[in-house]
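A.B. asks: okay, predicted coordinates and the sequence, questions at the end:
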Amino acid sequence: MMLKVEDLRVYYRSLRGDVQALDGVSFSLADKEIMGLVGESGCGKSTLGKSLIRLDGRMRHVGGSAELDGETLPIADDARMNEFRFRKVSVIPQYAMSALNPTRRIGRMVRELVESRGIRFPTVRAELDRRLALVGLDQDVLERFPIELSGGMKQRMVMVISTLLNPSLLIADEVTSALDVSTQKAVATALAGFRDHDLVRSMIVITHDVSLVYQIADTIMVMYAGKLAEKAATDVIVSRPKHPYTQLLISALPEVGVRYDGKRLVGIPGSPPSLRPAPTGCRFRDRCPLAFDKCAEQPPFVEVEPGHSVACWKAS
Amino acid sequence: TGADGANAGGDAAGGSYPRAETLFTSGTQWGPPSNWNPIMNWTYATGTVGLLYETLFLYDPLTDEYEPWLAENGDWTNDTTYEVTLREGLTWSDGKPITAEDVVFTVELGKMESVPYHNLWDYLDSAEAVDEHTARFTFGEPRYQQWANWVYFNPIVPKHLWEGKSEKDVTAGANEKPVGSGPYKYETHDQDRQVWVKNDDWWGKDTLDLDVKPRYIVDLVNSSNEAALGQLLAGDIDLSNNFLPGIASLVKGGYKLQTYFPEAPFMLAANTTWMIPNTTKAPLNDAAFRRALASSVDTGKIVNSVYGQIVSAANPTGLLPIWDKYVDQATVDRLGWTFDTGEAKRLLAQAGYRDTDGDGLVENKDGSPLELKLATPSGWTDWNEAARVIAEGAKAAGISVTSETPADTVVQDMRESGEFDLILNNERQMDNTPWRYYEYIFNLPIQDQQTTMNFGRYENQQAWDLVNQLDATKVDDLEGMNKIISRLQQAQLTDVPVIPLWYNGLWSQASNNVWTNWPSAEGGAPAYVPSMWHGYLQRGAIKMLTELRPAEQQ
Amino acid sequence: MLKLEGVSKTYKVGAFARQDLAAVRDVSFELRPGEVVSLIGESGSGKSTIGRMILRLTSTTSGTITFGGKDIATLRRGALRDYYREAQGVFQDPFSTYNPVFKADRVLTMIRQSYFPDVGDADWRTRVREALAAVSLNPDLVLDKYPHQLSGGQLQRLLIARALLLDIKLLVADEVISMLDASTRIDVLNLLADLKERGLAVLFITHDLSLGNYLADQTVILRRGSIVERGATAEVFGDPTHPYTRTLLSSVPRLGERWTDTELEHGPCRYHQLHPDGTDPAGPALAAVGDDHFVACFALGEDRKCGQP
Amino acid sequence: MGRYFSRKLLIYALTFVVAVTINWLIPRFMPGDPVSAMVARAGLQSPEGVAAMREYYTGLFGFDVPVWQQYLNFWGGLLSGDLGVSLWAFPQPVTSIIMAAVPYTLGLLIPAILLSWWAGNKFGAYAARKKVLDNTVLPIWYVLTATPYMWLAILLAWALGKVAGLFPVGRSFSASLRPDWSWLFISDLISHWFLPFLSLFLVAFGGWAIGMRNLIIYELEADYSHYLGSLGAPSRLVRRYAFRNALLPQVTGLALQLGVIVGGAVVTEIVFDYRGLGYLVLEAIKASDFFLLQGIFLFIVIGVLVANFIIDIVYVLVDPRTRAGMGGGA
Amino acid sequence: MSEVDGSAPEPAAVPGVATVHGTGVRREALYFALRNRKLVGGLAVVVAFLLAAIVGPWFVTEDPLTYVGPPAAGPSGSYWLGTTTFGQDVWAQFLYGLRATFFVGSVAALIAGVIGMVVGFTAGYRGGLVDEVLNMITNVVLVLPVLAVLMIIAAYLEVRSIEVQAVIIGLFSWPWVARAVRAQTLSLRSREFVDLARLSGLPVRRIIFREIAPNMASYLFMVFILLFGGSVLFAATLDFIGLGPTDGISLGLMLNHAKQWSAMNLGLWWWFIPPGLGITVIVGSLYIMNVGLDEVFNPKLREM
Ligand SMILES: Nc1ncnc2c1ncn2[C@@H]1O[C@H](COP(=O)(O)OP(=O)(O)OP(=O)(O)O)[C@@H](O)[C@H]1O
Ligand SMILES: Nc1ncnc2c1ncn2[C@@H]1O[C@H](COP(=O)(O)OP(=O)(O)OP(=O)(O)O)[C@@H](O)[C@H]1O
Ligand SMILES: [Mg+2]
Ligand SMILES: [Mg+2]
């Protein structure tokens, strides 16, 4: 077991009370696993990602723990957490387009970053070049300023930087959503390549695009309103989802070849609840076609089949 | 003082003037010293005339006496001939002797139109050197008063150096490296100072048995009076001829400062400040109105509040205290006025100025609004403030006067072209003769541009004739002069062509830190005019320098 | 009804030095009433620029756009307003399409001020209700609310309702769904489909081929400002001719089908297979490869081999 | 790049022409006529003398040719460094008066501007780190920038000069010294220089510190800072980057502030009676010396323009974003 | 969609500038505004001075220039801030001076603000040649040393009233406003709601003032504050070198008079300290208020 998250609760402080963005999330991630994390906007995907590496100013760790390779991650302690960042846990942020210091040549920035972590740059230099080649970037990007790169190039550059120290866990937050399909494919394939080349041990890929994550992930975890809804192997989620939310989500995706006059797809009616504070009971209850009385009680996230966990009374 | 530690070492250390042998002065030069041309008597560097170039005579206004200087004596040999004899052994600082030729040459420079004393040749027929020491002047129409003024006011220039100069060089040339005859020589100058060094070969040492005490005179350019005050208090200036408001309170403080009088008015009276009404404009063309206006001015407030008692209120005739002997007290008692708002109102009513619209201010006789403007140059803070007080007083009497402060040059334009209602002016200094004073008031004919006199464009042929008559009166004929002057006073007090307000001081504050024995009204002290202003060194101030004593070293 | 002929757009770019950037080059296609044309291409290929040119939000550099036979470039003031009465747009980001300072239904009020100043209050209210009903919005939930109080889908639909108030004939929908959640997306798409049934012509701009396919009768594939392939949707998707189209298609992530499954074939494009000697520079920009199917090969005339996009 | 500079140059050239033209208009539109002023001062009584003087000065000031020619002559004179004669210090040429004052002004301005900029940025960046420090020094800085230059100058002159007697107030060096390069003279120069310098420095310092503090806070919230943070980079590095990036807008700020600081120098010099250009400005205004005023104005304009231009160039050299922008592309 | 209520930080177009988002944000802004010590404190000081300027003069002499007391007297019960060398009441002058200061500050700021906004909006919205030309003009005025120009103009004017001073200061302080507004407009112009307004057939003027400007309201407010402070300082500088109003009294003129009448050498500190302090405190409070506002409108800067 490589990452084990136990009952993680992270709230955002806000004027009118806390936003319960992550409310008791428990899951685990196996070695070499790429897990896709999907869900509607605002369901807490980024929050989960961030809470495993760096809580931002407004986030408050309320409870729960995370364990990586048997070591407890001090996620609530910014100073102690520093030791883990980059080396053990690393991130490709949502804002990869602006993640590089605009006034430093990229190579120099990388050197300074690496050296600031107490590693001599020449020792990683060769590896850096190798990885640039791996994602299809020329070495001379190191001599350039970020503004001189295209979005896809920056995305891949950040990817290389983030994984330079072979972290055990890589969190990739919406790395492809700003890109067009062909670039998306290149970036996503590169991402999978990192795992295949053993540069990162396992990965959480956050996205709202199920079909994209289907291409590279081993497992998919579906979140809804700050809670986990379902987690299972990719194929299982796509073909045999158990949670009604997952089912509706999958069925709303148009595929190439499908036309409205042939097979008219339908969306999920209604909208997710406010998380300030979160409603009691099953949070999907209001939109769920299968909802029944029991749903007033929060269903546990339980394994219903090996490797397949669901939080739904109807599924268990 | 601690503020100036840098130059505490008075020993001739490298770059500093030895403090104990140097006199620091200020208050004359407002821009950088830029010319040493004695003919440009409005801009030459402080001391150019007096320290460097000298005059034939000195005139001491405090004693009303002429003292021969370059001249040994000067006499009218008959009614139209004047002869001046130079002293023996006079030399220019380049060693050449000073001769009658130089005197004649200097006078003849006046033939150039742009030389300020060009009008000399209106009444002078010829000038000739009789011998090496004697020059003779023959007058077509003798004007004794003017000539008496000329001989002490204008310096003699060396013919051998000035002969070849063009008119431009004479009237607008900088005359760098000046050669004069006086007790000081040009040492150096900078944007902010003029430095003179003692002329050890000065002829006066033997001939007059006089010795100027400071080895160096450093005249400082100060942009503002308050800067000068700061330096004076710090002991950096020995003699300040600046207008320093508040000095009255400091004289009594522990700054070792001294003014000519230890009590109010502290300063000698140097000139009269008049309010000049434009007599070509209604209602200022009405003498009764002018008189009402004159009575409305609270001169006491100006003297006490604006000036903090360092000036004194003017006699209605405006004649300076040194001219007291010319004042016809009976006439003044009969025709003079004092500040009296009620009287001013009464005079207005009597003359037919009424407040028709009930705003407390009178209107013109034809009912049109009466609004007068009193212009004083911007930045002349004391005058600006005084103008405000005048306006206040006028308003109390029912006359609308507003004070405005255009730029200096604008005020100049206004008064030359006559486009003003009221201005303040003080362009006549203490002098050898009140003729200069009355010339200013009554001068005729009126020109389009009145450049120097009679800005109010007051026309009174009779009075002007009297002035000319005065001019042609010998300077020692006191009785003859008084007769004429009395009639002039009468004309001035009845018609009020100018409204004398107060006597501007001969601003002078001396510090006893380094030099002592400054001129003072107190017994035993030398009594000379204590000023480096243009024209004052030849009014006796040069002798102040011979009386100075170094202060006791602590 | 709407016709683009040889439309190009060149931007001057660079803050200081002026450089030309050809965002759209020589684009021609046509839009008939009741037809949905989807405009597909990668980011920066000029899709939005075309949409904006059609709406006269951006001027064309050359070429003409005619609507109902009238060159829209010549429209001024009143005529332009009349044009907007028939042609409207909906944009990618529903949040930035609303002025955050004002209530969301202000977009409707603006329409009223501009086009229906004489309509009475009651009359207007019923019209609004009808339009909202047409996009299945509950008036009580959306009116009198600030934009941030509404969901993206609601906002997007409100914009469409706004267009409906005008009884438009042409709608330019520029990436209307890319910011929306998967579930909301489909609702908006279905709505567009319904509008089409009502006879509205829609220019559907997207970079997602599956979405284009879901809705469109005609498809235009754009690359670097030029059309590389266009034709009936079925033909373009069923028989992609241009290598670029094929790359795009193969890059689309599909459920149940991994990327690795589709291998890009090499060799000349179908266009070159059909016209092996088709290097005629004087020939038409797009060559017909089917009934309603045209393609351009970018390798044409350059020393680049086909099949290498 | 070349295009950028040619556009910049065009703007500067245009500004210069506008400034020179305004400048040329001064004596022609200002109330009071310089010729009359000179003539009046001479106090001539005879009308012929007045006329002769008038003619002389009209010629001297170049007012005897048609207006357009006066304008051209003005440019001609300007390009050959001839700005006419001063009325205030007649007959000295304006150029020499200005040149005598320039070293003092530059001696005040250059250290004040550069040091305040440097120190303000350093301190601003430093204070942005610590909440407590930030909360205590920030108001002080605000008060400093809000202080009118002359008031601070008066306060310093009064408190440190007059009351405490630590520094001399007035003039650029002691009246009793002959300028030379002796230690005595130089130390005297410095003691006279210090207070005016300090007052300029303090006001400007506050402004820079505030600017830097605000910019740093923005930079620390920028994505790249967060990224570095989440890769565990020590805050030293993050701050260094933030500082460097925040410095760039401060460079442009320098260009914008230049005019204000020059204005500050003018009043400061007046308060301290420091014999630089500011002092000359006041004298020229008081004496209605149009030609001198013209000259100083031109000098200031040229100075500010040159400084701006230098800053423009420096900015382009240090900020890769502008360079990329100039090359086109994004 | 969950209720967002603006909590997700919005990237600001230009540092220091944030756009307002709806009432939720407005309510939130008010919440922060009331809790922002800088804003509340600064505002309190400014309002206190403003009140003093408005009502103060009613309680003192009618003409602050008349001689009412003993000359050069220190602060006392009857003359709170002492008297000048002439015996004028410094406190009365201070109150009248405040009035002038507020007047000059607000009129000049208004003029500069309006010009700057018109130029900035037009340049930013119209773009193209209009932008180029306006930009050129802006840059020209921007690099002209304003003080020098103002000095010349002020010296040129014979009659200088406070009104005239305010106008000329206003006429020369707008370029940076124009620049900033232009930059903002440029970024807002490409926002889609502007396109939508165009599609609704709105005329340009309405688009600028009803669509774009409201989004910059908070920024424009801050611009006004900065302009106000700058104008007050400028006016004080002009007054000080003797180019101020030729009648009346202002804080700058008080300083000018104090200097001209050697208040410093005569030790009359009560004459020159209050006016300078008044200016400093007002302008300083405005600046501090400005930071406060910035923090209120810009979530990134908020203290939690
Ligand atoms: N800084 C913040 N302050 C307050 N609430 C926040 C903050 N950031 C996020 N939230 C709230 O927390 C919840 C989860 O946010 P999160 O960013 O994790 O969602 P997400 O699933 O990543 O959405 P998206 O797909 O839009 O990125 C949302 O309801 C959001 O409004
Ligand atoms: N106002 C503009 N000024 C300069 N260049 C522009 C402007 N608008 C767009 N461009 C450029 O024109 C090209 C086409 O842009 P356009 O927005 O039409 O692309 P798109 O296909 O809509 O892309 P996306 O999918 O990212 O929206 C791009 O390179 C873009 O950078
Ligand atoms: Mg997210
Ligand atoms: Mg687009």
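C.D. replies: Yep, that arrived. Ligands and ions are numbered 1, 2, ... in the order given.
A.B. asks: my read is residue A:271 is in a strand, agree?
C.D. replies: No. Residue state for residue A:271 (DSSP: H, G, I helix; E, B strand; the rest coil) corresponds to coil; a strand is not indicated.
A.B. asks: now do the same for it: its pLDDT.
C.D. replies: Residue A:271 is assigned a predicted lDDT (pLDDT) of 78.
A.B. asks: doesn't residue C:151 make contact with it?
C.D. replies: Yes. In this structure residue A:271 lies within contact range of residue C:151 using CB atoms under 8 Å: 5.2 Å. Every C-beta, even on glycine, is put in place using the N, C-alpha and C of the backbone.
A.B. asks: the residue in the stretch 401-550 of chain B that chain A sits nearest to: neighbour count?
C.D. replies: The shortest separation between the stretch 401-550 of chain B and chain A is 51.8 Å, found at residue B:407 (distances taken as CB to the nearest CB). Neighbour count of residue B:407, defined by other CB atoms under 10 Å in any protein chain shown: 24.
A.B. asks: my read: it touches residue B:377, true?
C.D. replies: Yes. In this structure residue B:407 lies within contact range of residue B:377 using CB under 8 Å: 6.8 Å.
A.B. asks: the residue nearest the centre of chain E and residue E:107, how far apart?
C.D. replies: Among the residues of chain E, the one closest to the centroid is residue E:228, at 0.9 Å (CA atoms, centre = their mean). Taking CB to CB, to the nearest Å as the measure, residue E:228 falls 10 Å from residue E:107.
A.B. asks: is chain D contacted by the biggest helix by length in chain A?
C.D. replies: As far as residue count goes, and with DSSP state H defining each element, the longest helix of chain A is helix A:181-196. No. Against chain D, helix A:181-196 shows no contacts by CB under 8 Å from any CB of the partner chain, the least distance being 15.7 Å.
A.B. asks: please apply the same query to stretch B:171-178.
C.D. replies: Yes. Stretch B:171-178 is in contact with chain D by CB under 8 Å from any CB, via B:171, B:172, B:173, B:174.
A.B. asks: ok, and what's touching that stretch?
C.D. replies: B:34-40, B:48, B:52-53, B:112, B:114-115, B:165, B:169, B:186, D:42, D:53, D:56, D:60, D:90-92 (CB atoms under 8 Å, 6 or more residues apart in numbering or on different chains).
A.B. asks: name the residue of the stretch 51-200 of chain C that lies nearest to chain D.
C.D. replies: When scored by CB to the nearest CB, the stretch 51-200 of chain C has residue C:61 as its residue closest to chain D, at 16.8 Å.
A.B. asks: okay, now that residue: neighbour count?
C.D. replies: Quick note: residue C:61 (other CB under 10 Å) scores 16 neighbours.
A.B. asks: so it sits right up against residue C:10, yeah?
C.D. replies: Yes. Under the criterion of CB under 8 Å, residue C:61 lies in contact with residue C:10, with a separation of 4.6 Å.
A.B. asks: quickly find the element holding the residue in the stretch 1-150 of chain A that chain C sits nearest to.
C.D. replies: Scanning the stretch 1-150 of chain A for the residue nearest chain C gives residue A:40, at 4.7 Å (criterion: CB to the nearest CB). Counting by DSSP states H and E, no helix or strand carries residue A:40.
A.B. asks: so where do the helices sit in the stretch 201-309 of chain C?
C.D. replies: Taking DSSP state H, counting those that start in this stretch as the criterion, the stretch 201-309 of chain C carries its helices at C:209-215, C:233-238, C:243-251, C:270-274.
A.B. asks: chain neighbours aside, what residue packs nearest to residue A:98?
C.D. replies: For residue A:98, ignoring the flanking residues on the chain, the nearest one in space by CB to CB, 6 or more residues apart in numbering or on different chains is residue D:223 at 4.1 Å.
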